[in-house]
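Q: sequence and predicted structure below; questions after.
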Amino acid sequence: RDSSSEWRCRAKLAVRGTPEKPLIGLYQEGTHIVQDIPECRAHHPSINYAIKLLKQGISELGVQPFDEDAGTGELRYVQMTVTTYNTSIPVAQRYEQARVQVSLVWNSRDERSKNSEKLSLLQEFLWTNGGPRSNLHVIHSIWANFQTSTSNIIFGHKWRHIGGEADLWERFGGVDICLDPYSFGQANTLSFNSLLHKLIKYVPRGSTVVDLYSGAGVIGLAIAASRKCRSVRCVEINKMSKLSFEKSASRLPPNLGCTITWHNTDASAEPIHWLEGSSVAIVDPPRKGLHPSVINALQRVALSERKAFKAKSSLTKVKDEKRPWILRAREPAVHVDSTIMEESSGIWPETLIYISCGWDSFKKDCKSLISNEAWHLENAHAFNFFPGTDRFETSRLIKFEDSQEQSLMNISVAHGFFSL
Ligand SMILES: C[S@@+](CC[C@H](N)C(=O)[O-])C[C@H]1O[C@@H](n2cnc3c(N)ncnc32)[C@H](O)[C@@H]1O
C-alpha cells in the first residue's frame, strides 16, 4: 500500500467454499472463482477484521456458503461499509478505528424461510464477538438482504435491519450523509472527499444545479450546503435511495436559501427536461457511461445556448408534455426548503461536470460530447480509489465548458494528472 491512510471503505464480496473452509473475496478476473482475501491491503483493516469474525461464525455455526451452480447454500454475498464518523473518539483516531455495517445476502425469500434461524444465530455471533460488549467493538450494525434469484444480481429487494444502529453516518463534502446499505455508496471515503473538494469549486455560487445519476444525493447536498445555490435537483432511478436522501437532507443546516429536490426517475427518459433551468449539470453515471439520449440532449442544449432561436423550436416540446407518467416523474419525491421553485426556463447548462468510474465509456462519451463543437474539455482530475494495488480503478472528475465560440474546439486539459 502506498499510503497508510487510504483504504477501501465499502466492499461487496462473494461467499463460497464450505462451512469448514469459507472463502470470502472477489472473483478472479474473467471467472466466478472466488479469490479469498483475508488480509486485503486495499480494504480498511476493520473490514478485514469483520471478515475474520464472519468466517469464524460460518464455521462454528455450520453456515453453508452459496453454491452458484446448484443454487444451494445460505450465505451468498456480504457487503461491508465503514463509518469513520465516531464522535466519541478524537478526530485523529476516527479513520483507523472505524466500524463496519455488515449486510448479509441470504439465500431465502425472507426471514420466515426455514433456514432463517441460522441467520439469527450468525447475527448473534457477530454482535457478541464484534459488538459493544466484545473486546474489539468493530461491528456497527447488521443487515440482512434476501435474494434467491439465479442471476448475477447481488442484492434482492427485501432488506431487514437486524442488529446495532439502523443508520450509518459518514461525513462527505462537509455534510452528514446517511449510508444505507441499499443505496449506492462510494468505496473510498478519503478519495471521494478529495474529489468533492475539487468538484465544489467548479460550481459558481448562485448556480442552479442538476445532479443526474445522483444516488442518495451526496454530491447535490454537498453543493447545496457550500455554494449558495438557488436550486439543486437530484435525479436517481433507485427508489430506495429516497430514504437515504431524506435522512441526509434532514441534517443540512437550516435556511440555506436553496431549493433542493430529489426525483425518482430514469435520467435518460427525458434529459432535456432536467437540463432546462440548470446552469450546471453534474453527471455521475454507472460504469457503462451515459445513455445516448443524455449525450444527445447535452449536445443539443449546448448548441441551442448559442443559437437561441433554434432552441425554441427544438426544445419547447418538453413543455407541452401530456403523458401522465412523465409528468409524475417530474414531480419531486422529496422537496427540501419551502422556497417556491423559480421559473427558470431559458437557462441551459454552461458547465458540465462528469464523474467517471469507467475509463472506456468515458473516452467514448467524451468524444461524442466534443465532436460537434458543443462542449470543450477544460479540466480533468484523476483520483485513485484503489490505492496500493496495480488495479487500474480510479474515479475521474472532468469539467466541460459550453463552447461559446466555434474556435474553442481544441481540448485543453489544464490539470490532467492521470498517472497512478
Ligand atoms: C456511480 S453511482 C453515483 C451515485 C452518486 N453520485 C454518489 O456519488 O453517491 C450511479 C448512480 O446512478 C444510478 N442510475 C443508474 N442508471 C440510472 C438512470 N438511467 N437514471 C438515473 N439514475 C441511474 C444508480 O442507481 C447509482 O445510484
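A: Sure, I can see it.

Q: pretty sure residue 288 is touching residue 360, no?
A: No. Contact status for residue 288 versus residue 360: not in contact, 9.4 Å apart, counting by Cβ atoms under 8 Å. C-beta here means a position set from N, CA and C on the backbone, and glycine is covered the same way.

Q: any idea how far the residue in the stretch 1-150 of the chain that the ligand sits nearest to is from residue 229?
A: Residue nearest to the ligand within the stretch 1-150 of the chain (Cβ to the nearest ligand atom): residue 10, separated by 10.5 Å. As judged by Cβ to Cβ, to the nearest Å, residue 10 and residue 229 stand 28 Å apart.

Q: same check, this time on residue 123
A: Remark: distance between residue 123 and residue 229 (Cβ to Cβ) = 42 Å.

Q: and those two? which has more neighbours close in?
A: Just comparing residue 123 and residue 229: by other Cβ atoms under 10 Å the higher neighbour count belongs to residue 229, 24 against 20.

Q: so the more buried one is in which element?
A: Following DSSP states H and E, there is no helix or strand that holds residue 229.

Q: contacting residues around it?
A: 203, 205, 206, 207, 208, 209, 223, 258 (Cβ atoms under 8 Å, 6 or more residues apart in numbering).

Q: any idea how many residues pack against residue 158?
A: 15.

Q: quick one, strands of the stretch 151-300 of the chain?
A: 158-164, 169-172, 175-178, 208-212, 231-236, 259-264, 280-283 (DSSP state E, counting those that start in this stretch).

Q: now do the buried residues in stretch 191-200.
A: Buried residues in stretch 191-200, counted by 16 or more other Cβ atoms under 10 Å: 191, 192, 193, 194, 195, 196, 198, 199, 200.

Q: kindly report the same for stretch 147-167.
A: Under the neighbour-count criterion of 16+ other Cβ under 10 Å, stretch 147-167 has 147, 154, 155, 156, 159, 161, 162, 163, 164, 167 buried.

Q: how about the residues of the chain near the ligand?
A: Proximity of the chain to the ligand is confined to 184, 186, 213-215, 218-219, 235-238, 266-268, 284-286, 357 under the rule Cβ under 6 Å from any ligand atom.

Q: can you turn the buried part of the residues you listed into a PyMOL selection?
A: Entered in PyMOL, the line below selects the buried ones among the residues of the chain next to the ligand, by 16+ other Cβ under 10 Å:
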select buried, resi 184+186+213+214+215+218+219+235+236+237+267+268+284+285+357
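
Q: which ones among the residues of the chain next to the ligand map onto helices?
A: When DSSP state H defines the helices, the subset of the residues of the chain next to the ligand inside them is 218, 219.

Q: chain neighbours aside, what residue packs nearest to the single nearest residue of the stretch 51-200 of the chain relative to the ligand?
A: When Cβ to the nearest ligand atom is the measure, the stretch 51-200 of the chain has its nearest residue to the ligand at residue 184, with 3.5 Å between them. Ranked by Cβ to Cβ, 6 or more residues apart in numbering and with sequence neighbours excluded, the top spatial neighbour of residue 184 is residue 215, at 3.9 Å.

Q: so what's the one you found up against?
A: For residue 215, the set of contacting residues under the criterion of Cβ under 8 Å, 6+ apart consists of 183, 184, 185, 236, 238, 241, 284.

Q: quick check: the gap between residue 200 and residue 350.
A: For residue 200, the distance to residue 350 under the criterion Cβ to Cβ works out to 17 Å.

Q: then residue 385?
A: As judged by Cβ to Cβ, residue 385 and residue 350 stand 29 Å apart.

Q: which regions of the stretch 1-150 of the chain lie under the pLDDT threshold?
A: Along the stretch 1-150 of the chain, segments meeting pLDDT under 70 span 1-5.

Q: residue ranges for the strands of it, please.
A: According to DSSP E, counting those that start in this stretch, the strands that the stretch 1-150 of the chain contains are 10-17, 22-27, 34-36, 75-83, 99-106, 139-146.

Q: what's the angle between the longest one and strand 10-17?
A: Taking axes from the mean of the first three to the mean of the last three Cα atoms, to 10 degrees, one finds strand 75-83 and strand 10-17 inclined to each other by 150 degrees.
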